[in-house]
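Novice: Have a look; sequence and predicted model below, questions after that.
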Amino acid sequence: MAENTDQANQLHARRQSLTHILATSVQHLWPEAKFGVGPVVDNGFYYDIDLGPANKLSEDDFDKIEAEMRKVIGEHQPFERFEKPIDEAIDWAQAAKQPYKEELLNDLKRAGTTAAKDINPEELGAVTEGDAAVANVSFYKNGDFTDLCRGPHVQSTGKAGAFKLQRISGAYWRGKESNPQMQRVYGVAFATDEELKKHLEMLAEAQKRDHRKLGQELDLFIFSDLVGSGLPLYTPRGTIIRNQLIGFPEQVREDLGFERVWSPHITKKDLYEVSGHWAKFGDELFLVKSQETSDQLVMKPMNCPHHAQIYASRPRSYRELPVKLMETTTNYRDEKTGELHGLSRVRSLTQDDSHTYCRPDQVDEIFDELIAKIQEFYLVLDMQLRLRLSLRDNSPTFLGPEELWQFGQDKLMQIAQRNQLEYFAVEGEAAFYGPKLDFMATDALGREWQVATVQFDFVQPERFSLEYTDEEGKAQRPIMIHCAIMGSFDRFLAVYIEHTAGRFPVWLAPEQIRLITVNQEEETTKFADGIVNQAKDLGLRVKVDNSNESVGKKIRATEVAKVPYTLVIGEKEIRNGQVVPRLRQDLVVIPVQPEMGIEQFLKSVANEAKSRVNKSSM
Ligand SMILES: [Zn+2]
Ligand SMILES: [Zn+2]
């Protein structure tokens, strides 16, 4: 373990050092460059740079900048750390004509105020603890370049490791649209050339699998300017996958005794005021105005308060608990246009949501069965899971009684251990209403995504005065447990398209079988139509390609469309009533497929779809 932490720290120091090396080189090439912040991020680093109104960086400059960076690295310039009192640091920034640094330093001088708390400690060389005013600021100097920084760095530029500049994006200074726009230059960095190469290959593969690209190629979803950004429309093919994917967690939950409910998409703001969501997320809601009443309505951003109303609609006895409600429904969030991204970040997201209201003695069983179903779901989708215990920290954002938090956090720890789940705990990641189990799924490229979640809620039962009558006739508060297996369906589909590269298993494939005719003769067409009818009776999705193209061309088209099974229909097939199915490569288990009867073939495919397998049984 210690070695891993050491390696991680070392890698962080390399990336931190590379931000300086990047800035050094940019300053050599554009002496008038102004620098914002340059933190370490996942897999690399970035630096926010402003070349002034006359100049702009472009990715075409990367060769030049990288050459200069390699020169700086080759000079093995030592990184020298020194400190300055805050006022002298401000003088330095003025003299160096670095207005962004000057602004940060002035904020830092007021440390302890709200404004200074906004400063990411990664960004600056603050040598202080807690809320005390900053006395000294640390700097690092290499060659002719000096920058504010907390460090740590590698010894000299020569030890920075392997890097590559990646891309440039626009970034407002300190994330505020009213501030000047800077250019954010991203780089990736690793200890060795080999690791860097592996990462770049992964990125190239990720680009090929980009769900926005595949979504278009496979005709799954679209966006329309007239409908609006962040509002996906699902095509017939996409809707098949959508219904199949949504149906699975619904069925899994029905097995656990969840009942379906339905709630409307607009709601009085008052509901969210009571639940506490308005205070937390008010600026993320779409507002709706009635032409008649003065009610302020909103598009619902979540469903929990609605389900709480259904629970509260009549008296509940301890005997009828747990009450289990589920609803797959669309929620609306006013995400910023600049942050929208394909299906990963949308304004209308469909959740597979559910809420359980239970007694404290039922908590274990409910968590255990939900966890088992989540594991089943991700096993079928062929994704590895890791568990994050999201706990509270000392911040006042976490609401609800102390003893319940203690109960909940202890419980989650026990549950994770009892279920033998690999887990890690993160403080400060809890929901404002309670601690939660967040499941992280690893995709085929090794990237980790947050997917399913099971959450305690100690706030809403209180705020909505939810009750049940216990054995002694006394009123008690139920415990509320939120659970989503996919989370946002849309986001999950984005992850899943990239995980599979669009090669969906048979149960999800919009088109499971394609029939290719070798000619357009009536006998051939009739024979193909007969197979289609047989397939449809078995609930299969099948299409015929009867076009006037060559068989080779038609086969290539099925490969592009990633259809699991293809049958070529010619004289021989008609005469014998036997076919040799062509399988999509990733489904193949047995290298050579034998000839088989049409009925046998169709029944096998129907079985595969029903049992949701990832490989062919043929
Ligand atoms: Zn640094
Ligand atoms: Zn909920």
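Specialist: Nice, thanks for sending it over. Ligands and ions are numbered 1, 2, ... in the order given.
Novice: Span of stretch 322-338 from start to end?
Specialist: 42 Å (Cα to Cα, to the nearest Å).
Novice: Is there proximity between it and ligand 2?
Specialist: No: Stretch 322-338 lies out of reach of ligand 2 by Cβ under 5 Å from the ion, never closer than 9.8 Å. No exception for glycine: its C-beta is placed from N, CA and C like everyone else's.
Novice: How far does that stretch sit from its chain's centre?
Specialist: The gap between where stretch 322-338 is centred and where its chain is centred comes out at 15 Å by Cα atoms, centre = their mean, to the nearest Å.
Novice: elements contacting the host helix or strand of residue 357?
Specialist: Assigned by DSSP states H and E, residue 357 falls within strand 348-358. For strand 348-358, the packing partners by 3 or more Cβ pairs under 8 Å, 6 or more residues apart in numbering; DSSP states H and E come out as helix 236-255, helix 304-312, strand 323-332, strand 479-488, helix 489-500.
Novice: Identify whichever of these lies nearest to ligand 1.
Specialist: Closest to ligand 1 of those is helix 489-500 (Cβ to the ion; 33.1 Å).
Novice: what angle sits between the closest one and helix 236-255?
Specialist: Counting by axes from the mean of the first three to the mean of the last three Cα atoms, to 10 degrees, helix 489-500 lies at 110 degrees to helix 236-255.
Novice: List of residues touching helix 489-500?
Specialist: 206, 209-211, 214-215, 220, 232, 241-242, 245-246, 328, 342-346, 348-352, 381-383, 441, 443-445, 449, 451, 486 (Cβ atoms under 8 Å, 6 or more residues apart in numbering).
Novice: Got a quick PyMOL command for the buried subset of the residues you listed?
Specialist: In PyMOL syntax, the buried subset of the contacts of helix 489-500 is picked out as below (16 or more other Cβ atoms under 10 Å):
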select buried, resi 209+211+214+215+220+232+241+242+245+246+328+342+343+344+345+346+348+349+350+351+352+381+383+441+443+449+451+486
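Novice: For residue 484, see how far away the nearest residue to residue 613 once chain neighbours are set aside is.
Specialist: Distance criterion Cβ to Cβ, 6 or more residues apart in numbering; nearest residue to residue 613, sequence neighbours excluded, is residue 505 at 6.9 Å. Here the criterion is Cβ to Cβ, to the nearest Å. By it, residue 505 lies 22 Å from residue 484.
Novice: cool, and residue 140?
Specialist: 45 Å.
Novice: sorry, back to before: export the helices and strands packed on strand 348-358 to CSV and tack on distance to residue 514 and mean pLDDT?
Specialist: Listed next are these as CSV, based on distance: least, Cβ to Cβ, whole Å; pLDDT from 0 to 100:
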stretch, distance to residue 514, mean pLDDT
helix 236-255, 13, 96
helix 304-312, 43, 97
strand 323-332, 30, 97
strand 479-488, 28, 95
helix 489-500, 18, 96
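Novice: do you know which of those lies nearest residue 602?
Specialist: helix 236-255 (18.3 Å; Cβ to Cβ).
Novice: list the helices and strands the very next helix or strand once past the closest one packs on?
Specialist: Counting by DSSP H and E, the element after helix 236-255 in chain order, helix or strand, is strand 259-260. Using 3+ Cβ pairs under 8 Å, 6+ apart, the elements in contact with strand 259-260 are strand 323-332.
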